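Engineer: show me the folded form of this:
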Amino acid sequence: MNSPAAKWKELWRRPEGVDEPEVMAAAPASEDPELREIFVRSAFRAAAGFALLFGFVAFAFWWSGAAVRFGAGRAAGSTQPTWKVAGTVRDAVTHAPIPWAAVDDDPGGKPPYYHADAGYSGSYELLTLAEPHSIRIAAPGYHDAVVPIGRTWFLWLPRGRERHDVDLQPR
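Structural biologist: The predicted model follows:
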């Protein structure tokens, strides 16, 4: 009986006709290195499990608080934009960049609306809300493009970024 399980079984089993002090004198746990190793491993595993559980609960409280703050700010009209949408606007035929294209939150959605302009190289960066909605990309001489952005509530985190490269069709 040299296995760790056999040692535990031996310790927890009380022999018949033997008093408690005699059992303790026969096999003191503090002198057995295998039992000490088992105890340390078990204690470490329990502490690691507790730390993971505590971390998960702390994350859940943080996430739910951020979601409540976002919803309350949205209802009060004081929401700060935290979702970054970036990309490049190009001509669908020539694939050349379209400079100074307008990138706006779709006016068909809920306000507030945010705006950005593409640069000379056609690249844009729009800071907007994290909720699902659409952006409208327009340039003179091209048909407008509407791109859905954002995340649904169960995937929502307070900050994030998306990349959307858009090809506009000439008129």
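Engineer: check contacts around the residue lying closest to V89 once chain neighbours are set aside.
Structural biologist: Excluding its sequence neighbours, the residue lying closest to V89 (C-beta to C-beta, 6 or more residues apart in numbering) is A101, at 4.2 Å. (Glycine included, C-beta is placed from N, CA and C.) Neighbour list for A101: V89, D117, A118, G122, Y124, I137, A138, A139, Y142, L168 [criterion: C-beta atoms under 8 Å, 6 or more residues apart in numbering].
Engineer: selecting buried members of these in PyMOL, what would you type?
Structural biologist: Buried residues within those, by 16 or more other C-beta atoms under 10 Å, are selected in PyMOL with:
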select buried, resi 89+118+122+124+137+139+142+168
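Engineer: following the least confident helix or strand in the chain by mean pLDDT, which helix or strand comes up?
Structural biologist: Least confident helix or strand of the chain, by mean pLDDT, DSSP states H and E, is helix 20-26 with a mean of 52. Next in sequence after helix 20-26, counting helices and strands by DSSP states H and E, comes helix 33-76.
Engineer: show me what the lengthiest strand in the chain is in contact with.
Structural biologist: Of all the segments of type strand in the chain, defined by DSSP state E, the longest one is strand 83-91. Residues outside strand 83-91 that contact it (C-beta under 8 Å, 6+ apart) are 96-98, 101, 103, 118, 121-130, 135, 137, 139, 142, 149-150, 159-168, 170.
Engineer: report the buried residues of that strand.
Structural biologist: Buried residues in strand 83-91 (16+ other C-beta under 10 Å): W83, V85, A86, G87, T88, V89, R90, D91.
Engineer: and which of those is nearest to A72?
Structural biologist: W83 (17.4 Å; C-beta to C-beta).
Engineer: what's the spacing between the residue lying closest to that closest one once chain neighbours are set aside and D106?
Structural biologist: In space, W83 comes closest to A130 once its chain neighbours are excluded; the distance is 4.2 Å by C-beta to C-beta, 6+ apart. The span separating A130 from D106 equals 15 Å under the rule C-beta to C-beta, to the nearest Å.
Engineer: these two: which has the busier surroundings?
Structural biologist: More crowded of A130 and D106, by other C-beta atoms under 10 Å: A130, with 23 against 16.
Engineer: my guess is that one meets T82, correct?
Structural biologist: Yes - here A130 reaches T82: they are 5.9 Å apart, a contact under C-beta atoms under 8 Å.
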